[in-house]
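Trainee: Attaching a predicted model along with its sequence, questions to come.
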Protein chains: 2
Amino acid sequence: MEPPAPPRRVTIVDVARHAQVSTTAVSKVLRNAYGASPEMRAKVRRAIEELGYRPLAAARGLRGQTYTIGVMLPDIRNPFFPEILDGVTGCLEATDYQVLLGPGCNGEKEEARVTEAMIDRGMDGLILVAPVSPRPHLEHVAAVVPTVVVGRHGHSPAYDSVGDDDVTGAALVVGHLAGLGHRRIAHIEHHETDPTRSVEMPNAQRADGYRRAMRDLGLDQEIDVVSTTYTQQGGYEGARELLSRARRPTAVFAGADIVAMGVLEAVAEAGLSVPGDISVAGYDNTTFAALGPISLTSVDQAGSEIGRNAARLLLERIANRGKPSVQVSLSPTLVTRRTTAAPPT
Amino acid sequence: MEPPAPPRRVTIVDVARHAQVSTTAVSKVLRNAYGASPEMRAKVRRAIEELGYRPLAAARGLRGQTYTIGVMLPDIRNPFFPEILDGVTGCLEATDYQVLLGPGCNGEKEEARVTEAMIDRGMDGLILVAPVSPRPHLEHVAAVVPTVVVGRHGHSPAYDSVGDDDVTGAALVVGHLAGLGHRRIAHIEHHETDPTRSVEMPNAQRADGYRRAMRDLGLDQEIDVVSTTYTQQGGYEGARELLSRARRPTAVFAGADIVAMGVLEAVAEAGLSVPGDISVAGYDNTTFAALGPISLTSVDQAGSEIGRNAARLLLERIANRGKPSVQVSLSPTLVTRRTTAAPPT
């Protein structure tokens, strides 16, 4: 038996026929244009309702707004990004905007593909979270569609940016660990491939903040940075390297909570205890860090507040594309938990 | 000083002028239509390149495909869903399809909004992960756009479905715990509000599988189900309730790993140890479960395999909308780790 043919999409012609009016009349009602009487409006609206007609946003997109905001996330596994997203959706809840997410995969090529796809689909605005693409690409995107960049430093006249002060955040961790008596404090950073971009990236700023704080405390000789990635695997590999050192660090500052997850894994595997043998701190203060059995000391950069600010700035930019660009920087705080304690004696 | 006016979007007219050809010629090249000479193609492609022209997917959408797949995820915090997504993107990697995600938020209203937005934006196909909407809504969506539903049971001629055998998965957990000597095995389920939908939902199937397995083992009297949600908070609340029982369970089967996260939190807070005082098992075998300090016993339902199957079926359905619907059910396996052991004596 042949399966039934799929139902045809209801068109404006069907609506016109059903309402017994012209297609021009339907179009007028849809566009909220002058020249459609209240009776006509009622008739057309009833036909739309009865047939389940849905105007294609594609078609609407050609005329104006699509009421879609594209949010590019670098990594859907990183538990920090849902915090940002909560703030974004919270801010847009009372509006007609729909959020759609695109995975950026921490790669320039993938980011170009996602941003182009979002522009192609006529999205009204983009929020790019921790993009790795060079500034000119971001400015190119921002020239085409209102854009807010989250988690990159440096000012651009082309887009608004929201982030936290990563240098201060890193200093909070180092200060806390040094205060507990640690000297051999190591850091696991996200490897930065592009030196020109480096100064803008949150990961580079955290590594820089770590180095500066160590120097300020007279611990220049103890500076020890391992470059991997901001992933669980990156944390695992970085910790394995640190644990194999002749003089093992007594504390590890992981550049992100997801990195700390991998560190905890490697430390457990090596038969060492946290914080007895080694202290571990993260960055982002995710729900994972707060989890009882983990109880990770971490820097809170108020992800939801970052997301709320990003969405607010984007709506303002959509309403007024020519407005001067705005930079919002939030102050991080340290949340100390059970993974950090005095070093072993 | 006035900020500079945003640059105007490059149009097909600009391309034609720049290439010194007609707009019809540009259109032919864009559509890969017959009747455009290689020289013409080269000229137009060069102009497109030089002007940075991007054809609007919105415009393309009116003519045919937009090469976009919409994936609705119920909860971006649940670490199981990235596994599915990995499988989906892996399968689509070599194609021109771009994946965009929409948050469904485990709510019928939110799901309707997201699916409508995806249809409105002319997406070529949808993958709906564990949707909570009633079957007629899903079939309505599938009638408009090729659709694959992940994690719902029951056959529909309107869409393909992919999932695991949740009854078997639950039985694996109960069998393992009973084999260790547990009798007071409790279960935390995701509260099902709609009895008609119940039989199709993975959460309901897991609760059902739990009940059946308990009965099969002669443990009818010990059946103890707490209804919360498949979230960390739900696990925390469910565990608090179970821990306050006069006869406390010796083992908790959480319906999802993210639920187990909350259970571990509540157990630690109560000053009890896992598995010394209480065994805990989850479902989904996420990277979180595998994490050293957590080491959670969990059911592996091969999320990435589920995602790969969903994407493959969707591509087939896009190519042939009238094809009979297909149901793929994968067999779960149990991964035992350190959170389950014999009950306290």
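Mentor: Thanks, I have it.
Trainee: Going along the chain, name the strands of the stretch 201-345 of chain A.
Mentor: When secondary structure is read from DSSP state E, counting those that start in this stretch, the stretch 201-345 of chain A shows strands at A:224-228, A:251-254, A:279-283, A:297-300, A:327-330, A:333-335.
Trainee: Stretch A:127-145 vs chain B: in contact?
Mentor: Yes: applying CB under 8 Å from any CB of the partner chain, one finds stretch A:127-145 in contact with chain B at A:140, A:143-144. (C-beta placed from N, C-alpha, C; glycine too.)
Trainee: Neighbour count, secondary structure and pLDDT added to those residues, as JSON lines?
Mentor: Below are those laid out as JSON lines (neighbours: other CB atoms under 10 Å in any protein chain shown; DSSP: H, G, I helix; E, B strand; the rest coil; pLDDT from 0 to 100):
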{"residue": "A:His140", "neighbour count": "18", "secondary structure": "helix", "pLDDT": "88"}
{"residue": "A:Ala143", "neighbour count": "14", "secondary structure": "helix", "pLDDT": "87"}
{"residue": "A:Val144", "neighbour count": "17", "secondary structure": "helix", "pLDDT": "86"}
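Trainee: Nearest to chain B among the residues you listed?
Mentor: Of all the residues of stretch A:127-145 next to chain B, A:Ala143 has the smallest distance to chain B: 5.1 Å, by CB to the nearest CB.
Trainee: what's around A:Asp224, how many residues?
Mentor: Close neighbours of A:Asp224, defined as other CB atoms under 10 Å in any protein chain shown, add up to 18.
Trainee: Okay, and the beta partners of it?
Mentor: Per DSSP bridges, residues listed as beta-bridge partners of A:Asp224: A:Ala186.
Trainee: Mind pulling up the pLDDT for it?
Mentor: Listed pLDDT for A:Asp224 reads 98.
Trainee: mind showing which ranges of chain A have poor pLDDT?
Mentor: Along chain A, segments meeting pLDDT under 70 span A:1-9, A:31-34, A:54-64.
Trainee: show me where it has helices.
Mentor: Shown for chain A, the helices assigned by DSSP state H span residues A:12-19, A:23-31, A:38-51, A:57-63, A:81-92, A:108-120, A:135-144, A:166-179, A:195-198, A:202-216, A:232-243, A:257-269, A:287-290, A:303-319.
Trainee: hang on, the earlier thing: could you look over the strands of the stretch 201-345 of chain A and pick the most buried one?
Mentor: Across the strands of the stretch 201-345 of chain A, averaging neighbours per residue (mean count of other CB atoms under 10 Å in any protein chain shown) puts strand A:251-254 on top, at a mean of 31.
Trainee: Just the residues contacting that one, thanks.
Mentor: For strand A:251-254, contacts defined as CB atoms under 8 Å, 6 or more residues apart in numbering or on different chains pick out A:170, A:173-174, A:177, A:180, A:182, A:184-188, A:210, A:235, A:238-239, A:242, A:260, A:262-263, A:278-283, A:340, A:343.
Trainee: For A:His191, give me the backbone phi and psi.
Mentor: Backbone geometry at A:His191, expressed as degrees, to the nearest 10, gives phi -60, psi 130.
Trainee: list the contacts for A:Ala130?
Mentor: A:Ala130 makes contact with A:74, A:150-152, A:201-202, according to CB under 8 Å, 6+ apart.
Trainee: which one of the residues you listed has the most neighbours?
Mentor: Taking other CB under 10 Å as the neighbour criterion, A:Val150 ranks highest of those with 29 neighbours.
Trainee: Now that one. Nearest residue, chain neighbours left out?
Mentor: Excluding its sequence neighbours, the residue lying closest to A:Val150 (CB to CB, 6 or more residues apart in numbering or on different chains) is A:Val129, at 4.6 Å.
Trainee: what's the one you found in contact with, if anything?
Mentor: Going by CB under 8 Å, 6+ apart, A:Val129 touches A:71-74, A:81, A:84, A:104, A:150-151.
Trainee: Kindly indicate which of those residues lies nearest B:Val267.
Mentor: Comparing these against B:Val267 with CB to CB places A:Phe81 closest, at 27.9 Å.
Trainee: who's A:Val252 bridged to?
Mentor: Going by DSSP bridges, A:Val252 forms beta bridges with A:Ala186, A:Val280.
Trainee: what about it, distance to B:Tyr53?
Mentor: Using CB to CB, to the nearest Å, one gets 49 Å for the distance from A:Val252 to B:Tyr53.
Trainee: same question, A:Leu138
Mentor: Using CB to CB, we find A:Leu138 at a distance of 20 Å from B:Tyr53.
Trainee: Who has more neighbours out of those two?
Mentor: Using other CB under 10 Å, the more surrounded residue of A:Leu138 and B:Tyr53 is A:Leu138, with 23 against 18.
Trainee: In the contacts of A:Ala130, find the pair that's most separated.
Mentor: A:Val150 and A:Met201 (12.3 Å).
Trainee: Which residues are in contact with A:Arg197?
Mentor: For A:Arg197, the contact set (CB under 8 Å, 6+ apart) comprises A:132, A:134-135.
Trainee: filter these to the buried ones?
Mentor: A:132, A:135 (16 or more other CB atoms under 10 Å in any protein chain shown).
Trainee: Closest one of the contacts of A:Arg197 to B:Glu108?
Mentor: A:Val132 (37.4 Å).
Trainee: pretty sure the closest one contacts A:Lys109?
Mentor: No: A:Val132 is not in contact with A:Lys109 according to CB atoms under 8 Å; the separation is 10.3 Å.
Trainee: isn't A:Arg312 right up against A:Leu92?
Mentor: No: the pair A:Arg312 and A:Leu92 does not pass the contact test of CB under 8 Å, sitting 9.5 Å apart.
Trainee: Neighbours of A:Phe80, how many?
Mentor: If we define neighbours as other CB under 10 Å, then A:Phe80 has 28 of them.
Trainee: just to revisit the earlier point, most tightly packed of the helices of chain A?
Mentor: Stretch with highest mean neighbour count among the helices of chain A: helix A:257-269 (a mean of 25; mean count of other CB under 10 Å).
Trainee: the inter-axis angle of that one versus helix A:232-243?
Mentor: When axes from the mean of the first three to the mean of the last three CA atoms, to 10 degrees is applied, the directions of helix A:257-269 and helix A:232-243 differ by 50 degrees.
Trainee: For helix A:257-269, name the packing helices and strands.
Mentor: For helix A:257-269, the packing partners by 3 or more CB pairs under 8 Å, 6 or more residues apart in numbering or on different chains; DSSP states H and E come out as strand A:185-190, helix A:232-243, strand A:251-254, strand A:279-283, helix A:287-290.
Trainee: For the ones you listed, give me JSON lines that also has distance to A:Pro157.
Mentor: JSON lines is the format used below for these (distance: least, CB to CB, whole Å):
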{"stretch": "strand A:185-190", "distance to A:Pro157": "27"}
{"stretch": "helix A:232-243", "distance to A:Pro157": "34"}
{"stretch": "strand A:251-254", "distance to A:Pro157": "34"}
{"stretch": "strand A:279-283", "distance to A:Pro157": "29"}
{"stretch": "helix A:287-290", "distance to A:Pro157": "36"}
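Trainee: From B:Ile69, how far off is the residue most central in space within chain A?
Mentor: Centrality entry for chain A: nearest residue to the mean C-alpha point is A:Val129, 3.4 Å, by CA atoms, centre = their mean. Using CB to CB, we find A:Val129 at a distance of 21 Å from B:Ile69.
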